[in-house]
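Trainee: Below is the sequence, then the predicted model.
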Amino acid sequence: MDDLNGKRNELASLIKGANRIVVFSGAGISTECGIPDFRSPGGVWERFRPLDFKTFMSSEYARREGLTRFLKIREEVGPVKPGRGHRAAARWHRLGKLAGVITQNIDGLHQAAGVPLSKVVELHGNGTYAHCLACGTRHELDWIGEQLEAHPGAPSCTACGGIVKTATISFGQPMPEEEMRRAEKLTRACDLFLAVGSSLVVEPAASFPVFAARLGIPLVIINRDPTPSDSLANLIIRDDIGDVLAAYADE
């Protein structure tokens, strides 16, 4: 316990001295919000496994199936609210200390907590809405559900007739170039890099903490389990993320 308290004090000192914090968040920051670890045995993905991008694009039937599975996941997870980690990042924004958030998550909870969209880099997209792959027009998930109930095929874009897909980055889908550029720019400019709730194994996202460490930027890893980047970190805290960041979160 004394060691953990010492690490929390060290974290507090690093945060106090920083002016350009980057929060790099993974699934672990959202589990206290009721969003499960999709990859665990018996988890949501085992029962409603998302289709890879090639399969999704292969036929109208596949697109219908992919959208149906996503809506089932959404229904099972239910409504969620930001947790203490999200609220901590939002507080640092209000204090002028947050350079930005780089997230692997698709839940939109950083924005819901109060971090402006302009400061959030969603490397894997956003699962709170859908969009047209051709023209980019946004389509709400409730509308997708209505279309699936009313028609036998997959819904098409109301603006151009293009393919509608959740605004997530599926397996096999190219990473968003602009988001990758933004993440690199944020990493280069920050003076403290906090990797929170990420296993740091999914590439290319996991390369950003490594990049920060190699630039000489202090790297803090807050995660329940060891990660491949632990040897590069200035500080490692293996504890409940919400408990660690509660001191920085406004209620």
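Mentor: Yep, that arrived.
Trainee: measure residue 119 to residue 201 for me?
Mentor: According to Cβ to Cβ, to the nearest Å, residue 119 stands 25 Å off from residue 201. All C-beta atoms are positioned from the backbone trio N, CA, C, and that covers glycine.
Trainee: Name the residue in the two with the higher neighbour count.
Mentor: residue 119 (19 against 11; other Cβ atoms under 10 Å).
Trainee: The more buried one and residue 77, how far apart?
Mentor: 25 Å.
Trainee: Quick check: phi and psi at the residue sitting nearest the centre point of the chain.
Mentor: Most central in the chain under Cα atoms, centre = their mean is residue 105, positioned 1.7 Å from the mean C-alpha point. Dihedral pair for residue 105: phi -90, psi 160, per degrees, to the nearest 10.
Trainee: List the buried residues in the longest helix seen in the chain.
Mentor: When the chain is parsed with DSSP state H, its longest helix is helix 60-77. For helix 60-77, burial by neighbour count (16 or more other Cβ atoms under 10 Å) applies to 62-64, 66-67, 69-71, 73-74, 77.
Trainee: contact partners of it?
Mentor: 34-36, 38, 44-45, 48-51, 55-57, 127, 130, 141, 144-145, 148, 153-155, 163-166, 168 (Cβ atoms under 8 Å, 6 or more residues apart in numbering).
Trainee: Go through these and flag which are in strands.
Mentor: If you go by DSSP state E, those have 127, 130, 164-166, 168 in strands.
Trainee: would CSV of the residues you listed with pLDDT be doable?
Mentor: Below are the ones in strands among the contacts of helix 60-77 laid out as CSV (pLDDT from 0 to 100):
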residue, pLDDT
127, 93
130, 97
164, 98
165, 97
166, 96
168, 95
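Trainee: Tell me which two in these are the farthest apart.
Mentor: Comparing all pairs in the ones in strands among the contacts of helix 60-77 by Cβ to Cβ, the longest separation belongs to 127 and 164, at 13.9 Å.
Trainee: between these two, which one's more packed in?
Mentor: residue 164 (24 against 20).
Trainee: so the more buried one touches residue 129, yeah?
Mentor: No - contact criterion Cβ atoms under 8 Å: residue 164 and residue 129 do not qualify, at 10.4 Å.
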